[in-house]
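S.K.: could you look at this predicted model? Sequence included:
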Amino acid sequence: MPVFRLTEDLVFPDPHLAGPDGLLAIGGDLSVGRLVLAYQNGIFPWYDARQPILWWSPDPRCVFFPAQVHVSRRLARLMRQKTYHLTFNQAFDRVIKACAEVRVHRGEGTWLIPEMQAAYQGLFEAGYAHSVEAWQDGTLAGGLYGVALGPFFFGESMFHERTNASKVILVALLRYLQRQGFVLFDCQVPNPHLFRMGACPIDRDSFLRHLSTGGLGPLGKAEKVVFPDRLSAAER
(Lines give C-alpha, C1' and ligand atoms only; values in the text may rest on other atoms or scores of the structure.)
Protein backbone atom coordinates (compact mmCIF):
# COMPACT_ATOMS: atom_id res chain seq x y z
CA MET A 1 0.00 0.00 0.00
CA PRO A 2 1.34 3.50 -0.78
CA VAL A 3 2.06 6.04 1.96
CA PHE A 4 0.93 9.49 0.86
CA ARG A 5 3.03 12.62 1.32
CA LEU A 6 0.98 15.63 2.39
CA THR A 7 1.46 19.09 0.94
CA GLU A 8 0.48 22.48 2.35
CA ASP A 9 -3.08 21.92 1.13
CA LEU A 10 -5.54 20.98 3.89
CA VAL A 11 -6.54 17.63 2.47
CA PHE A 12 -6.06 13.98 3.42
CA PRO A 13 -6.24 10.86 1.28
CA ASP A 14 -9.16 8.52 1.80
CA PRO A 15 -8.50 6.71 5.14
CA HIS A 16 -9.54 3.43 3.50
CA LEU A 17 -6.19 3.63 1.68
CA ALA A 18 -4.17 3.23 4.89
CA GLY A 19 -1.71 0.36 4.97
CA PRO A 20 -2.15 -2.85 6.99
CA ASP A 21 -0.54 -1.20 10.02
CA GLY A 22 -2.80 1.84 9.73
CA LEU A 23 -0.21 4.27 8.35
CA LEU A 24 -1.84 6.58 5.82
CA ALA A 25 0.30 9.66 5.22
CA ILE A 26 3.48 11.50 6.10
CA GLY A 27 4.28 15.19 6.44
CA GLY A 28 2.02 18.22 6.57
CA ASP A 29 1.74 20.19 9.80
CA LEU A 30 -0.01 20.23 13.16
CA SER A 31 -2.18 23.29 12.60
CA VAL A 32 -5.61 23.45 14.21
CA GLY A 33 -7.31 23.21 10.82
CA ARG A 34 -5.39 20.12 9.77
CA LEU A 35 -5.87 18.35 13.10
CA VAL A 36 -9.62 19.00 13.10
CA LEU A 37 -9.88 17.71 9.53
CA ALA A 38 -7.89 14.62 10.49
CA TYR A 39 -10.15 13.70 13.42
CA GLN A 40 -13.21 14.47 11.36
CA ASN A 41 -12.06 11.74 8.95
CA GLY A 42 -10.91 9.16 11.49
CA ILE A 43 -7.20 10.04 11.21
CA PHE A 44 -4.76 11.04 13.95
CA PRO A 45 -1.04 11.94 14.23
CA TRP A 46 1.35 9.61 16.05
CA TYR A 47 5.13 9.80 15.82
CA ASP A 48 8.22 10.49 17.91
CA ALA A 49 11.05 13.01 17.84
CA ARG A 50 13.10 10.92 15.40
CA GLN A 51 10.35 10.78 12.77
CA PRO A 52 8.45 13.15 10.49
CA ILE A 53 4.75 13.67 11.22
CA LEU A 54 2.92 10.39 10.62
CA TRP A 55 -0.85 10.08 10.16
CA TRP A 56 -2.77 6.91 11.01
CA SER A 57 -6.16 5.28 10.51
CA PRO A 58 -5.86 1.82 12.10
CA ASP A 59 -7.98 -1.23 11.38
CA PRO A 60 -9.41 -2.47 13.69
CA ARG A 61 -10.22 0.54 15.86
CA CYS A 62 -10.66 0.35 19.64
CA VAL A 63 -13.76 2.19 20.88
CA PHE A 64 -16.13 2.49 23.80
CA PHE A 65 -19.84 2.71 23.20
CA PRO A 66 -20.55 4.79 26.33
CA ALA A 67 -23.44 2.67 27.61
CA GLN A 68 -21.28 -0.47 27.59
CA VAL A 69 -18.55 0.60 30.02
CA HIS A 70 -17.83 -2.11 32.59
CA VAL A 71 -17.24 -1.04 36.20
CA SER A 72 -15.71 -3.56 38.61
CA ARG A 73 -17.10 -3.85 42.14
CA ARG A 74 -13.94 -2.35 43.59
CA LEU A 75 -14.04 0.61 41.22
CA ALA A 76 -17.76 1.15 41.81
CA ARG A 77 -17.11 1.21 45.57
CA LEU A 78 -14.32 3.75 45.11
CA MET A 79 -16.56 5.98 43.01
CA ARG A 80 -19.31 5.86 45.64
CA GLN A 81 -16.79 7.07 48.20
CA LYS A 82 -16.27 10.22 46.11
CA THR A 83 -12.53 10.07 46.73
CA TYR A 84 -11.83 12.37 43.80
CA HIS A 85 -13.31 15.70 42.73
CA LEU A 86 -13.64 15.76 38.93
CA THR A 87 -13.43 18.83 36.70
CA PHE A 88 -13.38 19.66 33.00
CA ASN A 89 -10.75 21.88 31.35
CA GLN A 90 -9.28 23.30 34.54
CA ALA A 91 -5.68 22.13 34.02
CA PHE A 92 -5.29 21.11 30.38
CA ASP A 93 -1.61 22.07 30.17
CA ARG A 94 -0.78 20.14 33.34
CA VAL A 95 -2.66 17.06 32.16
CA ILE A 96 -0.97 16.81 28.78
CA LYS A 97 2.45 17.44 30.33
CA ALA A 98 1.85 14.75 32.94
CA CYS A 99 0.71 12.28 30.25
CA ALA A 100 4.10 12.78 28.57
CA GLU A 101 6.19 12.74 31.74
CA VAL A 102 4.74 9.55 33.17
CA ARG A 103 6.05 7.61 30.16
CA VAL A 104 9.44 9.28 30.27
CA HIS A 105 9.76 8.44 33.98
CA ARG A 106 9.08 4.79 33.14
CA GLY A 107 11.90 4.85 30.60
CA GLU A 108 9.50 4.67 27.65
CA GLY A 109 9.38 6.79 24.54
CA THR A 110 6.54 9.25 24.05
CA TRP A 111 4.73 10.73 21.08
CA LEU A 112 3.87 13.73 23.25
CA ILE A 113 6.96 15.63 22.20
CA PRO A 114 6.90 19.43 22.70
CA GLU A 115 5.50 20.03 19.19
CA MET A 116 2.56 17.70 19.85
CA GLN A 117 1.88 19.25 23.24
CA ALA A 118 1.84 22.71 21.65
CA ALA A 119 -0.48 21.49 18.87
CA TYR A 120 -3.05 20.10 21.32
CA GLN A 121 -2.76 23.21 23.45
CA GLY A 122 -3.77 25.08 20.29
CA LEU A 123 -6.74 22.75 19.84
CA PHE A 124 -7.71 23.38 23.46
CA GLU A 125 -7.56 27.14 23.01
CA ALA A 126 -9.66 26.78 19.85
CA GLY A 127 -12.32 24.83 21.80
CA TYR A 128 -11.79 21.37 20.29
CA ALA A 129 -9.54 19.63 22.82
CA HIS A 130 -10.62 19.01 26.41
CA SER A 131 -9.26 17.62 29.64
CA VAL A 132 -10.84 15.90 32.61
CA GLU A 133 -9.04 16.19 35.94
CA ALA A 134 -9.26 14.23 39.19
CA TRP A 135 -8.34 16.16 42.33
CA GLN A 136 -7.69 14.93 45.85
CA ASP A 137 -6.99 17.39 48.65
CA GLY A 138 -6.22 20.07 46.07
CA THR A 139 -3.65 17.89 44.29
CA LEU A 140 -3.97 16.74 40.68
CA ALA A 141 -4.33 12.97 41.08
CA GLY A 142 -4.97 12.04 37.46
CA GLY A 143 -6.16 13.32 34.12
CA LEU A 144 -7.34 12.51 30.61
CA TYR A 145 -7.42 14.61 27.46
CA GLY A 146 -8.85 14.25 23.99
CA VAL A 147 -10.73 15.90 21.15
CA ALA A 148 -14.52 16.32 21.01
CA LEU A 149 -16.31 16.86 17.70
CA GLY A 150 -20.08 16.63 17.54
CA PRO A 151 -21.20 13.37 19.21
CA PHE A 152 -17.70 11.86 19.31
CA PHE A 153 -14.88 12.00 21.85
CA PHE A 154 -11.44 11.00 20.59
CA GLY A 155 -9.40 10.01 23.63
CA GLU A 156 -5.69 10.71 23.39
CA SER A 157 -3.96 9.90 26.68
CA MET A 158 -4.47 9.68 30.42
CA PHE A 159 -2.36 9.37 33.57
CA HIS A 160 -2.75 8.80 37.28
CA GLU A 161 -0.67 9.74 40.30
CA ARG A 162 -3.01 8.10 42.78
CA THR A 163 -4.73 4.72 42.76
CA ASN A 164 -7.39 4.26 40.08
CA ALA A 165 -7.76 8.00 39.45
CA SER A 166 -7.61 7.55 35.67
CA LYS A 167 -10.20 4.74 35.80
CA VAL A 168 -12.56 6.94 37.80
CA ILE A 169 -12.11 9.70 35.23
CA LEU A 170 -12.75 7.37 32.30
CA VAL A 171 -15.91 5.84 33.76
CA ALA A 172 -17.32 9.20 34.87
CA LEU A 173 -16.60 10.72 31.47
CA LEU A 174 -18.21 7.83 29.60
CA ARG A 175 -21.32 8.05 31.77
CA TYR A 176 -21.49 11.79 31.14
CA LEU A 177 -21.05 11.29 27.39
CA GLN A 178 -23.84 8.71 27.39
CA ARG A 179 -26.23 11.16 29.02
CA GLN A 180 -25.26 13.80 26.47
CA GLY A 181 -26.01 11.48 23.54
CA PHE A 182 -22.46 10.82 22.36
CA VAL A 183 -22.13 7.97 19.86
CA LEU A 184 -18.72 6.63 20.81
CA PHE A 185 -15.40 7.25 22.54
CA ASP A 186 -12.40 6.50 20.33
CA CYS A 187 -9.41 4.78 21.98
CA GLN A 188 -7.54 4.47 18.65
CA VAL A 189 -5.63 1.16 18.93
CA PRO A 190 -6.62 -2.10 20.67
CA ASN A 191 -5.69 -2.25 24.35
CA PRO A 192 -6.36 -5.26 26.66
CA HIS A 193 -6.75 -3.00 29.71
CA LEU A 194 -9.48 -1.00 27.98
CA PHE A 195 -11.13 -4.20 26.73
CA ARG A 196 -11.53 -5.29 30.36
CA MET A 197 -13.43 -2.07 30.99
CA GLY A 198 -15.82 -2.64 28.08
CA ALA A 199 -14.03 -1.27 25.03
CA CYS A 200 -14.27 -3.30 21.85
CA PRO A 201 -12.59 -3.48 18.44
CA ILE A 202 -14.52 -2.45 15.34
CA ASP A 203 -13.30 -2.49 11.76
CA ARG A 204 -12.31 0.73 10.02
CA ASP A 205 -15.33 0.70 7.72
CA SER A 206 -17.72 0.57 10.69
CA PHE A 207 -15.83 3.30 12.50
CA LEU A 208 -15.94 5.61 9.49
CA ARG A 209 -19.65 4.90 9.00
CA HIS A 210 -20.29 5.96 12.59
CA LEU A 211 -18.46 9.22 11.93
CA SER A 212 -20.41 9.87 8.77
CA THR A 213 -23.77 9.00 10.35
CA GLY A 214 -22.94 11.26 13.29
CA GLY A 215 -22.26 14.25 11.06
CA LEU A 216 -18.50 14.02 10.51
CA GLY A 217 -16.67 12.42 7.58
CA PRO A 218 -15.58 14.15 4.35
CA LEU A 219 -18.76 16.20 3.97
CA GLY A 220 -19.62 16.75 7.63
CA LYS A 221 -19.12 19.68 9.95
CA ALA A 222 -16.80 19.47 12.96
CA GLU A 223 -18.94 21.06 15.66
CA LYS A 224 -17.35 22.15 18.93
CA VAL A 225 -18.61 20.71 22.22
CA VAL A 226 -19.05 22.71 25.43
CA PHE A 227 -18.43 20.94 28.73
CA PRO A 228 -19.31 22.11 32.26
CA ASP A 229 -16.58 23.11 34.70
CA ARG A 230 -17.05 20.03 36.85
CA LEU A 231 -18.75 16.68 37.17
CA SER A 232 -20.97 16.76 40.23
CA ALA A 233 -21.41 13.68 42.36
CA ALA A 234 -24.97 13.33 41.06
CA GLU A 235 -23.73 13.12 37.48
CA ARG A 236 -21.33 10.23 37.99
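M.R.: Great, that's in hand.
S.K.: check contacts around the residue nearest the centre of the chain.
M.R.: Taking Cα atoms, centre = their mean as the criterion, Gly155 is the residue nearest the geometric centre of the chain, at 1.3 Å. Gly155 makes contact with 144, 146, 185-188 under the criterion Cβ atoms under 8 Å, 6 or more residues apart in numbering. Yep, even glycine has a C-beta here, placed from its N, CA and C like the rest.
S.K.: among the residues you listed, which one lies nearest to Gly215?
M.R.: Gly215 lies nearest to Asp186 out of the contacts of Gly155, by Cβ to Cβ, at 15.1 Å.
S.K.: wait, a helix at the closest one?
M.R.: No - using DSSP: H, G, I helix; E, B strand; the rest coil, the secondary structure at Asp186 is strand, not a helix.
S.K.: burial measure for it, as a count.
M.R.: By the criterion of other Cβ atoms under 10 Å, Asp186 has 22 neighbours.
S.K.: quick one, what contacts it?
M.R.: Taking Cβ under 8 Å, 6+ apart as the criterion, Asp186 is in contact with 61-63, 146, 152-155, 207.
S.K.: check Met158 too.
M.R.: Contacts for Met158 (Cβ under 8 Å, 6+ apart) come out as 99, 142-145, 166, 169-170.
S.K.: with Phe154 instead?
M.R.: Taking Cβ under 8 Å, 6+ apart as the criterion, Phe154 is in contact with 39, 44, 146-148, 185-186, 188.
S.K.: sticking with it, tell me its helix or strand.
M.R.: Counting by DSSP states H and E, the secondary-structure element that holds Phe154 is strand 152-160.
S.K.: next one: Met116
M.R.: Under DSSP H and E, the secondary-structure element containing Met116 is helix 114-125.
S.K.: looks to me like Gly220 is in a strand.
M.R.: No - note on Gly220: no strand contains this position according to three-state DSSP, which reports coil.
S.K.: burial check on it, number of neighbours?
M.R.: Other residues near Gly220 come to 16 when the count uses other Cβ under 10 Å.
S.K.: residues near the residue lying closest to it once chain neighbours are set aside, how many?
M.R.: In space, not counting the residues next to it along the chain, Gly220 is nearest to Gln40; the distance is 6.4 Å by Cβ to Cβ, 6 or more residues apart in numbering. Applying other Cβ under 10 Å, we find 23 other residues in the vicinity of Gln40.
S.K.: where in the protein is pLDDT low?
M.R.: In the prediction, the chain carries residues with pLDDT under 70 at positions 1, 103-110, 232-236.
S.K.: given the lengthiest strand in it, what are its sheet partners and their directions?
M.R.: If you go by DSSP state E, the chain has its longest strand at strand 139-149. Applying DSSP bridges to the sheet, strand 139-149 is found paired with strand 129-136 (antiparallel), strand 152-160 (antiparallel).
S.K.: show the subsequent helix or strand relative to the last one.
M.R.: Just to be clear, that refers to strand 152-160. Past strand 152-160, further along toward the C-terminus, the next helix or strand under DSSP H and E is helix 165-179.
S.K.: that next one - contacts with which helices or strands?
M.R.: Where contact means 3 or more Cβ pairs under 8 Å, 6 or more residues apart in numbering; DSSP states H and E, helix 165-179 is packed against helix 73-80, strand 85-88, strand 129-136, strand 139-149, strand 152-160, strand 184-188, strand 230-231.
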